[in-house]
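Enquirer: give me a model of this one.
(chains A and B)
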Number of protein chains: 2
Amino acid sequence: MLTRCSNQKDGLLTDTTNTSQSDLDDAARAAEILMGHRESIDRLDAILVYTLGERFKHTQAVGQLKAEHDLPPSDPTREAKQIARLEDLAKRANLDPDFAKAFLNFIIQEVIRHHKKHQE
Amino acid sequence: MLTRCSNQKDGLLTDTTNTSQSDLDDAARAAEILMGHRESIDRLDAILVYTLGERFKHTQAVGQLKAEHDLPPSDPTREAKQIARLEDLAKRANLDPDFAKAFLNFIIQEVIRHHKKHQE
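Expert: Here you go, the predicted model:
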């Protein structure tokens, strides 16, 4: 990227193109901003992993409870409510609702895998 | 489920089988526990959705920064570090590391989709 610099030296206004230094500054600034975002992403990933760990603790307890009480593993009414709720949450969080639904489905597949493993 | 009850009435210890009432109590207790777990799952889903929204805000900023500075969209060194970090986090959070990796991959696919959309 080229940056135009106004150089007011000895009372004269000269227009110089200081490419290499400004490019370096620019790249260094970009690298710093990038690092900041990555640090945030890493912290958010930790939240996601621990939240998922907690969520699976509850779904495993639900699976055990259902097995003990001969309740059906799948509950379409509950699932429909969850999807509607998630769509609403996604809109509020500025997240693509289709991605949110795909995400819930991805987690539910893992929950089903846990339940099957539990039944074996 | 059958529950044996010891009934000590009139000084006599009699063994009765009160199926219907204890079954009802049992089912009511199970329903209450199930509801508690579902409430927790719903709250955790809200955390997940809002955290994902925040994460995409950062990945979108990274995508924009990379586009502005002609940086390559993919960074294998960063990605390898992320995977190693996630495996470690997953173990600490009692989460299946393979699921954690599949989860990261699922999110990264969405990030790539965003980046491509941004480039169009």
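
Enquirer: which helix or strand in chain A has the lowest average pLDDT?
Expert: For chain A, using mean pLDDT, DSSP states H and E, the weakest element among its helices and strands is strand A:4-9, scoring a mean of 43.

Enquirer: what angle separates the strand or helix carrying residue A:29 from helix B:19-68?
Expert: Using DSSP states H and E, residue A:29 sits in helix A:19-68. If you take axes from the mean of the first three to the mean of the last three Cα atoms, to 10 degrees, helix A:19-68 sits at 170 degrees to helix B:19-68.

Enquirer: now helix A:19-68, how far from the centre of its chain.
Expert: 6 Å (Cα atoms, centre = their mean, to the nearest Å).

Enquirer: so what secondary structure elements neighbour it?
Expert: Contacts defined by 3 or more Cβ pairs under 8 Å, 6 or more residues apart in numbering or on different chains; DSSP states H and E place helix A:19-68 against helix A:97-119, helix B:19-68, helix B:76-92, helix B:97-119. All C-beta spots, glycine's among them, are computed from the backbone N, C-alpha and C.

Enquirer: for these, which one sits closest to residue A:29?
Expert: Closest approach to residue A:29 among the helices and strands packed on helix A:19-68 (Cβ to Cβ): helix B:19-68, 9.8 Å.

Enquirer: avg pLDDT for that closest one?
Expert: Here helix B:19-68 scores 92 as its mean pLDDT.

Enquirer: tell me what angle it forms with helix A:76-92.
Expert: Note on geometry: by the same axes, to 10 degrees, helix B:19-68 and helix A:76-92 are set 30 degrees apart in direction.

Enquirer: do you know how far the closest residue to residue A:33 other than its chain neighbours is from residue A:111?
Expert: The shortest distance from residue A:33 to any non-neighbouring residue, by Cβ to Cβ, 6 or more residues apart in numbering or on different chains, is to residue B:65 (6.0 Å). Using Cβ to Cβ, to the nearest Å, residue B:65 is found at 36 Å from residue A:111.
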